[in-house]
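Visitor: No sequence on hand, only this structure:
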């Protein structure tokens with residue numbers, strides 16, 4: 001069952017952050033189901049002290065249902081606020097607000113966890129290297145995208161430049177409006193012709 005490791009990981013995060021457990025504690029006994037289609041639903045219950053435990057996913061009426069796209073999960077794991085914009089909450093509004101606050105503010109200190117296993121210096125170097133690699137990867141992807149777009153629009157003439165697209169969209173809108181005005185004029189003329197008979 002996938003819920004067990006997820007709940008264990010969140011409890012690991014909560015272990016380091018008393019403020020987060022304090023934020024959840026008033027919701028002891030409340031249940032939430034997380035639906036991230038096509039993945040299986042996750043369900044958990046808030047235990048005393050602000051901890052989580054696995055709950056049955058087939059419960060008909062949990063206190064809160066959180067729905068999100070599975071594609072938003074990596075952004076959520078990175079702590080990217082854009083993931084919250086794809087989530088919908090239905091049920092207990094106060095519980096939803098508390099969970100949204102935790103999503104925004106509870107983060108995993110990877111370096112600290114690694115330091116317990118491989119030591120401070122090695123963990124620091126490993127995390128920095130990973131960050132540099134991810135930054136390089138993002139920059140490389142952005143540069144490749146920009147270069148490809150420039151090639152397709154200017155060199156290969158396969159894409160229209162933005163100003164031309166904007167002009168084309170404006171002309172299409174003007175043509176649509178002109179056709180609508182012409183149709184209304186024809187309807188008035190037709191009513192005038194048939195009304196006179």
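Guide: Cool, got the structure. Owing to the predicted nature of the structure, the values given are computational and were not obtained by experimental measurement.
Visitor: ends of stretch 28-46, how far apart?
Guide: 5 Å (CA to CA, to the nearest Å).
Visitor: So which residue is smack in the middle of this structure?
Guide: residue 83 (2.3 Å; CA atoms, centre = their mean).
Visitor: so residue 165 is in which element?
Guide: helix 162-195 (DSSP states H and E).
Visitor: which helices and strands does that helix pack with?
Guide: Of the remaining helices and strands, none touches helix 162-195 by 3 or more CB pairs under 8 Å, 6 or more residues apart in numbering; DSSP states H and E. The C-beta positions use only the backbone N, C-alpha and C, and glycine is treated the same way.
Visitor: Kindly provide the distance from the residue nearest to the centre of the chain to residue 53.
Guide: Using CB to CB, to the nearest Å, one obtains 24 Å as the distance from residue 83 to residue 53.
Visitor: quick check, residue 33 in a strand?
Guide: Yes - the assignment for residue 33 (DSSP: H, G, I helix; E, B strand; the rest coil) places it in a strand.
Visitor: what residues are up against it?
Guide: Contact analysis of residue 33 by CB atoms under 8 Å, 6 or more residues apart in numbering lists 41-43, 55, 57, 59, 62, 64-66.
Visitor: quick revisit: may I see the buried residues of the helix or strand that the residue nearest to the centre of the chain is a member of?
Guide: Secondary structure assignment for residue 83, by DSSP H and E: helix 82-85. Using 16 or more other CB atoms under 10 Å as the test for burial, helix 82-85 gives 83-84.
Visitor: The helix or strand where residue 99 lies vs strand 31-35, what angle?
Guide: Here residue 99, judged by DSSP H and E, is contained in helix 93-105. Relative orientation of helix 93-105 versus strand 31-35 (axes from the mean of the first three to the mean of the last three CA atoms, to 10 degrees): 60 degrees.
Visitor: And the pLDDT for the residue nearest to the centre of the chain?
Guide: Looking at residue 83, its pLDDT stands at 70.
Visitor: doesn't residue 71 make contact with it?
Guide: No - between residue 83 and residue 71 there is no contact under CB atoms under 8 Å: 9.5 Å.
Visitor: Show me whatever sits in contact with both of those two.
Guide: Contacts common to residue 83 and residue 71, judged by CB under 8 Å, 6+ apart, are absent.
Visitor: Would you mind identifying the next helix or strand past the helix or strand of the chain with the lowest mean pLDDT?
Guide: When the helices and strands of the chain are compared on mean pLDDT, DSSP states H and E, helix 110-118 comes out lowest with a mean of 63. Going down the chain from helix 110-118, the next helix or strand is helix 120-150, by DSSP H and E.
Visitor: which other helices and strands contact that following helix?
Guide: Helix 120-150 packs on helix 110-118, going by 3+ CB pairs under 8 Å, 6+ apart.
Visitor: Could you list the low-pLDDT ranges of the protein?
Guide: Applying pLDDT under 70 to the chain picks out residues 1-3, 57, 59, 75-81, 107-117, 123-124, 127, 152-160, 196-197.
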